[in-house]
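S.K.: quick one: sequence and predicted model below, then my questions.
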Amino acid sequence: MKQIKIIGTILTVTLLLVGCGPKQAKMQDGSYTAQMLEYSNGWREYVTITVKNGEIVTTEYNAENASGFIKSWDNDYMKRMKLAKGTYPNEYTRLYAAQLTGQIKAPKIDAVTGASHSGENFQRLSYAVVEQAIKGDSAIVLLSPSSLD
């Protein structure tokens, strides 16, 4: 009888400890955007996610110029960057976005060779946009350039 009480006590304490552990904050359904506050080399990067059932179902990562033209649509820029860096915006933006889609939190991003600066910005934008989704705040988050810029 004493052993049953001890086992019961251990099970109760274990269940209480498991139930009291840190919980992952869940993202709220909706669309959320984070963007850089300033333009860099004529472009301002942004990340927009759509969350459904606490999971990111779509991710758009890109940059726009002051007139709203999207960087990955610029074929001349694409050709120059491909020759110089081995990648281009229409390629690396999709690779970065794919790392965030399907997640329930902002993951550590694997950098794409030739687009590591954009990878750093994407990582920062991802964390910011996920924080907005956790809050359920659809206001656009503006990030200042990092001290590394």
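M.R.: That came in fine, so what should we check first?
S.K.: only C-alpha atoms from now on, for both contacts and neighbour counts.
M.R.: Noted.
S.K.: now the helices for the protein?
M.R.: Ranges of helices in the chain, per DSSP state H, are 2-19, 75-85, 89-100, 116-135.
S.K.: thought residue 32 was touching residue 56?
M.R.: No: counting by C-alpha atoms under 8 Å, residue 32 stays clear of residue 56, with 10.2 Å between them.
S.K.: who touches both of the two?
M.R.: 49-50 (C-alpha atoms under 8 Å, 6 or more residues apart in numbering).
S.K.: flag the shaky bits of the protein, pLDDT-wise.
M.R.: When residues are selected by pLDDT under 70, those of the chain lie in 1-24, 147-149.
S.K.: so which residue is dead centre in it?
M.R.: residue 126 (2.3 Å; C-alpha atoms, centre = their mean).
S.K.: skipping adjacent residues, who's closest to that residue in space?
M.R.: residue 106 (5.9 Å; C-alpha to C-alpha, 6 or more residues apart in numbering).
S.K.: and the one you found, how close does it get to residue 78?
M.R.: According to C-alpha to C-alpha, to the nearest Å, residue 106 stands 28 Å off from residue 78.
S.K.: do residue 108 as well
M.R.: According to C-alpha to C-alpha, residue 108 stands 26 Å off from residue 78.
S.K.: of these two, who's got more company?
M.R.: Taking other C-alpha atoms under 10 Å, residue 108 and residue 78 do not tie; residue 78 has more neighbours (18 against 11).
S.K.: for that one, what are its contacts?
M.R.: Applying C-alpha under 8 Å, 6+ apart, the residues contacting residue 78 are 72, 88-90.
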